[in-house]
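Enquirer: Sequence first, predicted coordinates after that:
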Amino acid sequence: MDQLVYGFVSLVAGAVLTVALPRNAVRVAVNLATQVIACVLILSQTIPIVMGSQPLVGALMWSYPIERVDIRVDALGAFFLSFSLPMTLLGTIYAVGYLAHDIRGPRHVGLHFALLSAVQVSYVIVYTVQNAFAFLVGWEIAALAAWLLVIWDNRNQKIRFAGFNYLVSTHLGLLFLVAAIMIMHGMTQSFQFADFAAFLGRSGLSRDICFVLLMTSFELKSAFFPFHSWLPRAHSAAPAHVSALMSGVIHKAGLFGMLKFILLIGKPEPWMGWYLIGVSALSAFMGVLYTISQRDIKRLLGYSSTENVGIAGLGFGLGCLGLAIDRPILVALGFGGGILHILNHALFKCLLFYGAGAIYRFTHTVDLEKLGGLGKTMKWTGPLFLIGCLASAALPPFNGFLSELLLYLGLLQGAPELGLGSRPFLPVLALLALIGGLSALSITRVFGLCFLGVPRDAHHVIADSREHPCVVGPMVIHLIGILAIGLFPGFGLALVEAATRLFLAHAGPEVAFATLVPVAWIDALALVAAVFVSMCLALTVARRLLLPASDRRHVTWGCGYGSPTSRMQYSGASFSQPMAYIFRDVLQHASREDLPRSPFPKDGHYHTHYFDAVERALFKALADGEAAVGRVLGRLPEDTRGSFAAGLVTLVILVVLVTRR
Amino acid sequence: MDLELVQVGLIACHVALVLVVGPVFLVGITNRVKARWAGRRGPRLNQVWFDWLRLLRKTPVYGAPTSWLFPLAPIVVLASTLTAALVCPVVPGFAPLSFDGDFVMFAYLLGLGRLLLMLGALDTGSSFEGMGASREATYAALAEPSFLLALGTLAWASGSLSFKDLAAVQGGWPVAVTLRAAIAAALLVVLLVESSRVPADDPTTHLELTMVHEVMILDHSGPELAIVQYASAMKMTLLAAVVASLANPFAAGGEPIATVAATAMTMVLLAAIAGGIGLVESLTARLRFRALPLFVLASFLTVAVAYVVVGQNAGATQ
């Protein structure tokens, strides 16, 4: 407990010092030092809890109206802390490389680094406190810090708009959260989660309303479809490390909230599980569908976050159904898979965003249609990005596969108690398979267009830029995480076992985790991974030693056309066209064309632009609403005394109506 | 016969079928049937074997824009196909390695190989190969739900989650037979799409614009080409074996004689499927690309029918 407080103090002191001290180099060094101290102190407490030891309990006294803040670091909170803190530290290290130019320059970068510390502070609050008021404070710190981090490049109007868009969206989510907490406070006269649990444990309409409000708020936080429209904008506007942290770590707080309140509910009703499955499956599908049409890498990765939180949420939904009908196997596979997917997503998504940042530093663009051939020049980023891509498409032997396999197994369980006969969740399974296929397409496209072939736009390649060690280092560490979980599934499952057991405790009689996810099964997975890796190595060696090698190069076959240019490579839009055509009703696009005609054609052009249908609908509704209000207001008389009196009378009538019993 | 001996024999059969017999002779039989239908004598049944040996001795030439990924891709393709073969029940009822959900592993390992092959195609910087990769990615993504829903339905019907037991659906006419027939039909479509046969793709076409799989390996030469072709033939064997096991009345395990019968039947069925593919290729033309999603959708609907059939007769098949 003391270490937790010292860690917290170290982070706060770091944030203050980073702003106050002179010289950027000193500020950054102090910030990193305090973050390292905090991580060591806090992880020394949380890692044993993740591995199964007793939760940490304590209380802080505070003044009115909070009075007492209970602290409890259980396996779930410890799990989130254990990956959030070091990953944010890695993000800060990455920032040193990514912002190297600014750190040397005259701009005060202290605030930016202090905000990263503030984000760390918010984790310590959100993942440990058992008091709704303190929870909200932590929640808000994260939201405001993330907003200010996004608008690092605040001279750009587009970036300011993206930041504002994010700020509004995240506060809409906050409204739902506050509404739910107000209901719960009204019902229990308390801000303590323990009291909320007593209320949430009883079924009733107000509990159901609370559930929907809470889930909506968390869906907004984690950018589930259709609450995702802020996310691609924010991610493409923010610096790479901020996008990485927001997508991989900060917005996992929404998923934490879901898990936390499901735990407080204890025994959810089946419809809650179905609700989560429905929302999540839609989110996963729409997220991946949007990725196939994006041309900005960071927007693409942003949509991929919507996909992956959907996949994790699918697991939570399954787990909820398991809790509702006392099926420990569903609970273990659903929550185990979902929680593991949170970590997996954080690992590969941060890696991919860092890769995107490296590409941006190298070429000053993240536009897929202008990139190409970077695999030959970016010696580190290329292979690292490839592994991140493969993990993100959930391919074996990387980490994403393990969590999806758990979900597949969960979906293959029969559920007679749900009135489905012994029917497993096969339609959802088919959807997950389609999501896998679409994600493979999208990942091939993004890696192929960035790193393979030749540069599509020769102006954008800056030849002399090097890959900064602070940029490569965090990527390598994430890669190690990806491989550790992918190649040693037992390790990955050990990380989520304690957290999953919290849920299993609510699912009828105690069943050991090891009987639900047997060791023999884990060993078989590890064996397959080992066979695959050794097969790759053996074949590589055999290829080198036994078969003829050469450096002979020849121009790529162009069907007899002798003077191909780099612009003639397949473009991103063409690559996704067949799939986008099939889903054209969902993936809407605008196109502008002036095709070459006549026997002596002039230069023509053809532009397509895929837009976000939800965002467009949202903005249209806002604009229409404003216009409608404007029309009504325009009809009101200009006489201010009359309208004032009318308003007053309306207000009085409203108050009377509302307060009437 | 000793049970140990039966196991060893099964493993030997599995290895032989996956590594040599299937890849070489399936393509050979298909080509022979096509040749006979066209009134030609056709090449030897094991002609591809000599083609691969010849290619392996050749010095490769790489496209100018290719990077480190290009020679790596074929190796990963082969390794992933070989690993997938570990869990695939070529003889029904037996796989060298099996665990719950291994068919998901199978599908995703093949997916990994496919992804690397597409990346290899994009590495050449050729617009034709990019086009092939795009098509392959699209059709594979559409075929994936059919494949996994089919195997999921079998898992539900047979009450087992491992690949080797999936064909062990109990019961007779009408439920089990309908189920097996519907799923075999759907998987046959997946087989045609995944191994690039008519009507999904034409392996013998000479026009790059109309190719899917072949256009992706236009720039592969020498050993790389041999490896990719070998891996594709092996993948076709594996998928054909899954279809064959659904039509197989016998299964390995239990009586040794049943095991021998199952193995013999597998070979006959594999040959029949290869011959059938040859017939289809002789009789039909490749579908238009716009119609191909509907072809895949048809397989999905067939599986959906099987799914409903199992649902209506819950418990009858386990």
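Expert: Now that the structure is in, tell me what you want to look at. Numbers count the residues shown, from 1 in each chain, chains lettered A, B, ... in the order given.

Enquirer: Let me see the domain layout of chain A.
Expert: Taking automatic domain parsing as the criterion, chain A consists of the domains A:1-259, A:615-659.

Enquirer: do you know which of those lies nearest chain B?
Expert: Among the domains of chain A, domain A:1-259 comes nearest to chain B, with 19.0 Å by CB to the nearest CB. Where you see a C-beta, it was placed from the backbone N, CA and C, and this is true even at glycine.

Enquirer: avg pLDDT for the closest one?
Expert: Regarding domain A:1-259, the rounded mean pLDDT is 91.

Enquirer: quick one: terminal-to-terminal distance for that domain?
Expert: One end of domain A:1-259 to the other measures 23 Å (CA to CA, to the nearest Å).

Enquirer: I'd say A:Ala484 and A:Ala494 touch.
Expert: No - between A:Ala484 and A:Ala494 there is no contact under CB atoms under 8 Å: 11.0 Å.

Enquirer: coming back round to it: now the domains of chain A as a markdown table including distance to chain B and mean neighbour count?
Expert: Below are the domains of chain A laid out as a markdown table (distance: least, CB to the nearest CB, whole Å; neighbours: other CB atoms under 10 Å in any protein chain shown):
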| stretch | distance to chain B | mean neighbour count |
| --- | --- | --- |
| domain A:1-259 | 19 | 20 |
| domain A:615-659 | 25 | 10 |
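
Enquirer: got any ranges where chain B has weak pLDDT?
Expert: B:1-2, B:170-172, B:314-318 (pLDDT under 70).

Enquirer: Can you get me a residue count around whatever residue of it ends up closest to chain A?
Expert: Chain A sits closest to B:Gly130 of chain B, with a gap of 2.4 Å, by CB to the nearest CB. Per other CB atoms under 10 Å in any protein chain shown, the neighbour tally for B:Gly130 reads 28.

Enquirer: Next: B:Asp165.
Expert: Per other CB under 10 Å, the neighbour tally for B:Asp165 reads 20.

Enquirer: unless I'm mixing things up, it is touching B:Gly93, no?
Expert: Yes - B:Asp165 is within contact range of B:Gly93, at 7.2 Å (criterion: CB under 8 Å).

Enquirer: As a markdown table, the domains of chain A with distance to A:His607 would be great.
Expert: Compiled in a markdown table, the domains of chain A are given as follows (distance: least, CB to CB, whole Å):
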| stretch | distance to A:His607 |
| --- | --- |
| domain A:1-259 | 19 |
| domain A:615-659 | 17 |
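
Enquirer: To A:Val533, which of those domains lies closest?
Expert: With CB to CB as the measure, domain A:1-259 is the member of the domains of chain A nearest A:Val533 (24.7 Å).

Enquirer: does B:Pro249 really touch B:Met265, like I thought?
Expert: Yes - using CB under 8 Å, B:Pro249 is in contact with B:Met265, at 7.1 Å.

Enquirer: Centre-most residue in chain A?
Expert: Among the residues of chain A, the one closest to the centroid is A:Ser247, at 3.5 Å (CA atoms, centre = their mean).

Enquirer: In this structure it contacts A:Phe353, no?
Expert: Yes - using CB under 8 Å, A:Ser247 is in contact with A:Phe353, at 6.4 Å.

Enquirer: so what sits against both of the two?
Expert: Counting by CB atoms under 8 Å, 6 or more residues apart in numbering or on different chains, the contacts common to A:Ser247 and A:Phe353 are A:235, A:301.

Enquirer: Quick check: the gap between B:Ala262 and B:Ala85.
Expert: 18 Å (CB to CB, to the nearest Å).

Enquirer: the strands in chain A, which residues?
Expert: Assigned by DSSP state E, the strands in chain A fall at A:56-61, A:68-73, A:553-554, A:589-594, A:605-610.
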